[in-house]
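K.L.:
coordinates only, no sequence provided:
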């Protein structure tokens, strides 16, 4: 990473990543999980960079989590050897790519139906030394993917274990926020059913940054997948999970218009901040100016409204904005600006950006 | 563009662009504007491709509209010679890039304050043969950028004309939906003030696809900038501007889970469909299935809910989804799949994707 000069020279909008703070965030959560005997398998969707995935492994993570094959392919090409794909892999093209990946590194995937397991089985993971590790995805209340109850989880586990080329790898869930008790109840029951059936369950993995400090409240789990924790964001601050000073990613924007005393327009719109609401009002937090709201975004404009009083901004002035959701912001840019000691030290390639398949 | 085989072979999620329909959309709106003596200057933000910009010029457009310098740089490098940047250009780096662009092609920019004009003037557009064309951006009700009233527009026009290296290029607005009458009123008054001051006003330009068939209701305008019209989208269909069969862009997605009788999960989430609400409920229209709603998105999952009855989908099944907002979807992928006669014929490079500065 080449030096980039000072912050004032950066063209805006741009995404700033404070590497010092990101490392603090990595180490702190790793230490928490280790103190409870829980393995860390961080989700790279938040940063999508090789450099920060390396920092996560160096801190003690047992492997990486990816959501899409394309992300896993980028990470495998960069040398990572243990990746869990928390996604149902469906379709001939994807199955061929998964086979290629499993031939070189240790891969795990999930399944939540017989149809998905059947697809994986027919793909022919025929090397007996490299069966495909398949975990059962469980719906512990988030109502997205996942089998509905522990009995269905145990039944699908048996089906996986019986399928040619597949090995049952455990149980996986992405819980709803505040769902630790639900995880414990579901996974405890499922684990008991597996034990009764004599089926070993190597891993029980949960995730989510909103409950990242409550992972130990579901002692049945053996592994935790957090993503956003590396950067944090407005949604986590507003939920009380962290503070503004814990946020390692922000968007640097320039005021381009002050059309009225109580409002201004910045050059960061939905193409950088995204419209992801995350249950919040407004589109990000202007650092140091809690009296301002980013109340409307178009693609290239952000409208900043003073909530009482004057907006107090002038054309050319720069603002730092902590986005509602850090993960989706990483996906909007090819490169972020890396900071050390608050100073730009280079560009961070978002290598897995836009890998949607 | 190389042939890609048939639709069933495509890996999903992917963005499909029906080139035949896009060309129909281009020609139809061009003919409408021509019949009213209004010049077309289409906004490339919707497609961000060189190929479709060429089709727009070939159909009779007088030039292109871009929102950001980075988009204009891509289009200038591809050979386009007349670009209007409907944005306040602020900051030393951007001004240097603007100077480089203006040295090679005909560029127009906008300004809505003395501060922006002063920045442009101090950048030193010193070649008397190539002054920078600057239009005054006017707020006709959208409450984004723009001077607030016709008197302010005329005053800023005089300031532009007096500034070294700048030439007053006319008046520009991005009106609110249904704002044709407001455009006529504001621009008519501003034009009269300019006439009284003896200041020629070469162009009065308005835009927006929602009112694209009502451009003639503001006869004061000389030029129209539509963007979304080339693809259309759910927001325009829901507003009655076009029909589903006019939509040239959709997302092809695969069902990856059917966790309950009344809901399913597809592999297209906010990383492709985006969370842009456009004032609508839900995140896109499933073609042929108006009984389904895409009611929740996470980054890589779309949750499909049956609105009464069964979802009637199975794992592996494919759906075509017309997004709420086409422009933001183009920006999520590096390439789209181009269709002719409904068959994939190649990839369309989204050359100006992610050009945020």
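P.N.:
Nice, thanks for sending it over. Since the model is a prediction, treat every value here as computed from it, not as a measurement. Numbering: from 1, shown residues only, chains lettered A, B, ... in the order given.

K.L.:
which secondary structure element is home to residue A:171?
P.N.:
According to DSSP states H and E, residue A:171 maps onto strand A:166-173.

K.L.:
ignore what I typed, I meant residue A:28.
P.N.:
helix A:19-35.

K.L.:
for the stretch 1-150 of chain A, which residues are neighbours of chain B?
P.N.:
A:9-14, A:45, A:67-68, A:87-88, A:90-91, A:93-94, A:112-113, A:115-116, A:119, A:139, A:143-148 (CB under 8 Å from any CB of the partner chain). C-beta: built from backbone N, CA, C; applies to glycine.

K.L.:
among the residues you listed, which ones are buried?
P.N.:
Taking 16 or more other CB atoms under 10 Å in any protein chain shown as the criterion, what is buried in the residues of the stretch 1-150 of chain A next to chain B is A:10-14, A:45, A:67-68, A:87-88, A:90-91, A:94, A:112-113, A:115-116, A:119, A:139, A:143-147.

K.L.:
which ones are touching residue A:24?
P.N.:
Going by CB atoms under 8 Å, 6 or more residues apart in numbering or on different chains, residue A:24 touches residue A:246.

K.L.:
for the residue in the stretch 101-250 of chain A positioned nearest to chain B, helix, strand, or coil?
P.N.:
Residue nearest to chain B within the stretch 101-250 of chain A: residue A:115 (3.9 Å; CB to the nearest CB). Of the three states, residue A:115 takes helix under DSSP: H, G, I helix; E, B strand; the rest coil.

K.L.:
next, count neighbours for the residue nearest to residue A:295 when sequence neighbours are not counted.
P.N.:
Excluding the flanking residues, the one nearest residue A:295 by CB to CB, 6 or more residues apart in numbering or on different chains is residue A:305, at 4.6 Å. Residues lying near residue A:305 (other CB atoms under 10 Å in any protein chain shown) number 18.

K.L.:
A helix includes residue A:305, no?
P.N.:
No - looking at residue A:305 with three-state DSSP, it is strand, so not inside a helix.

K.L.:
what packs against the first helix or strand past the strand holding residue A:171 going along the chain?
P.N.:
Moving toward the C-terminus from strand A:166-173, the next helix or strand (DSSP H and E) is helix A:180-196. Secondary-structure packing of helix A:180-196 (3 or more CB pairs under 8 Å, 6 or more residues apart in numbering or on different chains; DSSP states H and E): strand A:132-138, helix A:150-162, strand A:166-173, strand A:204-207.

K.L.:
need those in TSV (columns: mean pLDDT).
P.N.:
Formatted as TSV, those follow (pLDDT from 0 to 100):
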stretch	mean pLDDT
strand A:132-138	98
helix A:150-162	98
strand A:166-173	98
strand A:204-207	98
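
K.L.:
what is the neighbour count of the residue nearest to residue A:123 when sequence neighbours are not counted?
P.N.:
Using CB to CB, 6+ apart and skipping residues adjacent in sequence, the residue nearest residue A:123 is residue A:95, 3.9 Å away. Neighbour count for residue A:95, taken as other CB under 10 Å: 19.

K.L.:
mind checking the SS state of residue A:95?
P.N.:
Following three-state DSSP, we place residue A:95 in the helix state.

K.L.:
pairing partners for the strand holding residue A:171, with directions?
P.N.:
strand A:132-138 (parallel), strand A:204-207 (parallel) (DSSP bridges).

K.L.:
whichever helix or strand comes after the helix holding residue A:28 - contacts with which helices or strands?
P.N.:
Counting by DSSP H and E, the next helix or strand C-terminal to helix A:19-35 is strand A:39-40. Contacts defined by 3+ CB pairs under 8 Å, 6+ apart place strand A:39-40 against helix A:19-35, strand A:223-225.

K.L.:
okay if I get the ones you listed as JSON lines plus mean pLDDT?
P.N.:
Formatted as JSON lines, those follow (pLDDT from 0 to 100):
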{"stretch": "helix A:19-35", "mean pLDDT": "98"}
{"stretch": "strand A:223-225", "mean pLDDT": "98"}
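
K.L.:
out of those, deepest packed?
P.N.:
Across the helices and strands packed on strand A:39-40, averaging neighbours per residue (mean count of other CB atoms under 10 Å in any protein chain shown) puts strand A:223-225 on top, at a mean of 25.

K.L.:
and chain B, is that one touching that?
P.N.:
No - counting by CB under 8 Å from any CB, chain B is not contacted by strand A:223-225; separation bottoms out at 13.9 Å.

K.L.:
am I right that residue A:339 sits in a strand?
P.N.:
Yes - membership of residue A:339 in a strand is supported by three-state DSSP.

K.L.:
what number of residues lie near the residue lying closest to it once chain neighbours are set aside?
P.N.:
Nearest residue to residue A:339 in three dimensions, chain neighbours excluded: residue A:18, at 4.8 Å (CB to CB, 6+ apart). Neighbourhood size, residue A:18 [other CB under 10 Å]: 20.

K.L.:
kindly report the same for residue A:288.
P.N.:
Neighbour count of residue A:288, defined by other CB under 10 Å: 10.

K.L.:
and the pLDDT for it?
P.N.:
We have a pLDDT of 96 for residue A:288.

K.L.:
likewise residue A:2?
P.N.:
Note for residue A:2: predicted pLDDT of 45.

K.L.:
do the same with residue A:247
P.N.:
98.
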